[in-house]
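Trainee: Sequence first, predicted model second:
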Amino acid sequence: MLTFARCAVKRYKCLHINKLNERIFTARTGILNNKLYFCTNNLYSRTIMATAYLQHNENRLSQSKSPYLLQHKNNPVDWYPWGEEAIQKARRENKLIFLSVGYSTCHWCHVMERESFENDNIAKIMNENFINIKVDREERPDVDKMYMSFVTAISGSGGWPMSVFLTPNLEPVFGGTYFPPDERYFGQPSFPSVLQQISKQWRENPGRVANSGKEIIAALASSSKLGGGTDLPSFPSVKKGIDQLMRSYEPKFGGFGHAPKFPQPSNFNLIFAYYARNSNDPNAKRALQACLHTLECMRRGGIHDHVSQGFARYSTDSEWHVPHFEKMLYDQAQLAVAYTNAYLATKNEVWKDVVDDILTYVSRDLSDASGGFYSAEDADSYPYEGANEKKEGAFCVWTFDELQNHLEGINFKDGSPVFPVFCEHFGVSSKGNVSPSKDPHKELTGKNVLIMRKSEEETADKHQVKVEELKLIFKRALNKLHEIRQSRPRPHLDDKIIAAWNGLMLTGFARAGFIFNNKNYLDRAQQNAEFLEKYLCTDEGTLIRSIYKGPDHPIQISEPIHGFADDYAFVIRGFLDLHMALQDEHWLQLAYNLQKKMDSLFWDETEGAYYQSPAGDPHIMIRLKEDQDGAEPTSSSVAVENLVRLGALLDDATCMEKARKTLSAFKDRIDKIPVALTEMLCGFMMYNHGLTEVSVAGRRNSTDTAALVNVLRENLIPDLGFLYFDQESSYDFIKSTKPAFKDCVMIGEEATAYVCRNKSCAPPCTNRADLANILKTI
């Protein structure tokens, strides 16, 4: 769901949308009997409709590898995948296109399928009047972004499933998100009535509808211009972004905004980066405490799966208690980095434990044997074997009696049972701990979502138990519950392997592996990088968007989907982070080559910054640039950081110039509403301050080399660029781009560190205390 959780973002979006609405409103007059119905995505007021599953012959989607498209292969709807066949059929038959966009773990997508797409009568209307196309938004983010811009502009919000009606020439004329099968919600038309009225308008006045579509595309194209110039954003915009973020901070339970609460990792990145550079600033300290309090409330909350690890997508309430239970790879990846940074900022071991929790979950449940990472686990599952209907959270929740039965026999050292203390600590109630206000569909009645109501220290103190004993006994209890869970029907696994999300997860493992000096994390990171190079990098040096789980090894579709800008940006960052952790220049060179390819495919020579999609696709009406760091950062935001890192490490002026031009392109956005681009603010700070370049010359695996490298591991340095030179390796690639590195040698047979920033260097040093002092002052 596209949400603007921060008030400032909402205000900015409304201003942007209203201007576009004025043009689109005029273009759309006459659609649906001169009435504009704006459908918004309300995830919290739905009605589950038990619908008998009808077995039909498989449609064209059965040939897909997308888990989302395969979920619809037995619908009576005559679905087409996005592509030339469907579009040409619409043009030959002069029919409107109904475009349905979603993803396999989308709860409301499942609801609309049960209610409408499995309904023979509704399918008949669709098949007779429209060419129906189904798109997996995770496969085709360009299609999703283009038409979501339209839906958001006309309604003020968006979400999935996205439902858009297009002319045969692909111009949008009407759209929304979820439509009910009947008029059960006040002011919202039923899906059949929408289908019938739009098809009637097209039959009676196709020219008028087509013209409105052309005007809408023109309005969208005009509104997509960034309006930047050649000047950089003003540096006070960084502090302004922190101030805007703090105004939306909810102090009781943490988070930036009110329910529903999303993790928003880019916000954490900004705060950690700002604090690292301004640790004595009272505003930076307050922001850090807000960030840490939010991460702690999330750790304790029901959004955190205390039994089987990992984090759910978001919390439906302000307490982080009742989550939307789906688990996304990109959340795990970014939260692993956030909790790693929390550890660096505080040295509190609890954050290290959370990182291990996340990476354990991903390694166990989202990993392919070949090295790739799967995309997500669904929120819905069958409550028991043989059940007819899935329920949200069924895999994760517990009744009081279940917990009492499963935890029987687990006792403290004094023989007292753990169960009463467990219930108190995790908020378990005999009647269930989910209030009716948090459960409008009655799926969680009598169920418990585990949430830590107290810290481990508080619970241990109250019951006069040592903290370590309490943690160990709770771990034993939670492990027992995890084992019990494995006997339940599992949620659907989206086993699509996406380059961009694997790049994010590669960063998560590589960063944690480097900071905690953990070989298991680093081995998993390297395995993933080798997977990306083998399966998703082509011989031409380009990236493929996705690949799919096979019986023995990953399988690819006959016409692979080419990578998008976020695939390149996130994979490049992953390779850079792996290089910093392993100091194998192969990954640095591969990152550099991919950056050059990204520049050639996505760079806007006129305005600067990166388009989301490459040129040349006749079915993409508008090449858009992402302009908000949300659940994932934008490709341009991450590219700024990548460009600065590559430019400094390899002395490449073109990289630095592209970083500058990208920031200039977003100047208006950053200066007006910096909180919308929190990840780009991190890149802006990196560009302004310059990379902290640390080169260490020493013997590999020696104690004096390790002592210097450990200084880098122990400090929060968001702009760190680290290169290591032993005396045996040639480092041909690095030295070919930056010849000065040949001067990085050991002094007096001791490991030696060289620290530079913006082409200004401190004297070389050979002991960790001197290095730590230099890093504080340079």
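Mentor: Yep, that arrived.

Trainee: where are the low-confidence patches of the stretch 1-150 of the chain?
Mentor: For the stretch 1-150 of the chain, applying pLDDT under 70 flags the ranges 1-56.

Trainee: the helices in it, which residues?
Mentor: Secondary structure of the stretch 1-150 of the chain (DSSP state H, counting those that start in this stretch): helices located at 7-28, 67-70, 84-93, 107-112, 120-129, 141-155.

Trainee: C-terminal to the last one, which secondary structure element comes first?
Mentor: This points to helix 141-155. With elements assigned by DSSP states H and E, the helix or strand that comes after helix 141-155 is strand 162-166.

Trainee: And the strands in the stretch 401-550 of the chain?
Mentor: Counting by DSSP state E, counting those that start in this stretch, the stretch 401-550 of the chain has strands at residues 493-494, 496-498, 546-548.

Trainee: Give me the sheet partners of the shortest one and which way each runs.
Mentor: Which is strand 493-494. strand 376-377 (antiparallel) (DSSP bridges).

Trainee: The stretch 351-500 of the chain: helices as residue ranges?
Mentor: Taking DSSP H, counting those that start in this stretch to define them, one finds helices in the stretch 351-500 of the chain at 400-406, 419-425, 456-462, 467-485, 499-515.

Trainee: Return the angle between stretch directions for the last one and helix 141-155.
Mentor: Meaning helix 499-515. 100 degrees (axes from the mean of the first three to the mean of the last three Cα atoms, to 10 degrees).

Trainee: helices or strands next to helix 499-515 in the packing?
Mentor: Where contact means 3 or more Cβ pairs under 8 Å, 6 or more residues apart in numbering; DSSP states H and E, helix 499-515 is packed against helix 329-346, helix 349-365, helix 519-531, helix 565-582. C-betas here are computed from N, CA, C, even on glycine.

Trainee: Including mean neighbour count, could the ones you listed go into a markdown table?
Mentor: Below are the helices and strands packed on helix 499-515 laid out as a markdown table (neighbours: other Cβ atoms under 10 Å):
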| stretch | mean neighbour count |
| --- | --- |
| helix 329-346 | 24 |
| helix 349-365 | 19 |
| helix 519-531 | 20 |
| helix 565-582 | 26 |
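
Trainee: of all the ones you listed, which lies closest to F174?
Mentor: Closest to F174 of the helices and strands packed on helix 499-515, according to Cβ to Cβ: helix 565-582, at 28.5 Å.

Trainee: For that closest one, output the C-alpha coordinates as CSV.
Mentor: Taking Å, rounded to 0.1, in the frame of the first residue of the first chain, the C-alpha atoms of helix 565-582 are listed here in CSV:
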residue,chain,number,x,y,z
ALA,A,565,17.2,1.2,-12.2
ASP,A,566,16.6,-0.1,-8.7
ASP,A,567,18.0,-3.5,-9.6
TYR,A,568,21.2,-1.8,-10.7
ALA,A,569,21.4,0.6,-7.7
PHE,A,570,20.7,-2.0,-5.0
VAL,A,571,23.0,-4.7,-6.5
ILE,A,572,25.8,-2.2,-7.0
ARG,A,573,25.5,-1.1,-3.4
GLY,A,574,25.5,-4.8,-2.3
PHE,A,575,28.7,-5.5,-4.3
LEU,A,576,30.3,-2.4,-2.8
ASP,A,577,29.4,-3.5,0.7
LEU,A,578,30.7,-7.0,0.0
HIS,A,579,34.0,-5.6,-1.3
MET,A,580,34.4,-3.6,1.9
ALA,A,581,33.8,-6.7,4.0
LEU,A,582,35.9,-9.2,2.0
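
Trainee: Can you name the next helix or strand after that helix?
Mentor: Under the assignment DSSP H and E, the closest C-terminal helix or strand after helix 565-582 is helix 585-602.

Trainee: Name the next helix or strand downstream of that next one, please.
Mentor: Counting by DSSP H and E, the element after helix 585-602 in chain order, helix or strand, is helix 635-649.

Trainee: avg pLDDT for that next one?
Mentor: Averaging pLDDT along helix 635-649 yields 98.

Trainee: which helices and strands does that helix pack with?
Mentor: Using 3+ Cβ pairs under 8 Å, 6+ apart, the elements in contact with helix 635-649 are helix 565-582, helix 585-602, helix 653-665, helix 678-689, strand 720-725.

Trainee: between it and helix 678-689, how big is the angle?
Mentor: Going by the same axes, to 10 degrees, helix 635-649 makes 20 degrees with helix 678-689.

Trainee: ok, C297 touching Y249?
Mentor: No. Counting by Cβ atoms under 8 Å, C297 stays clear of Y249, with 11.8 Å between them.

Trainee: intersection of neighbour lists for those two?
Mentor: Common neighbours of C297 and Y249, counting by Cβ atoms under 8 Å, 6 or more residues apart in numbering, are G255.
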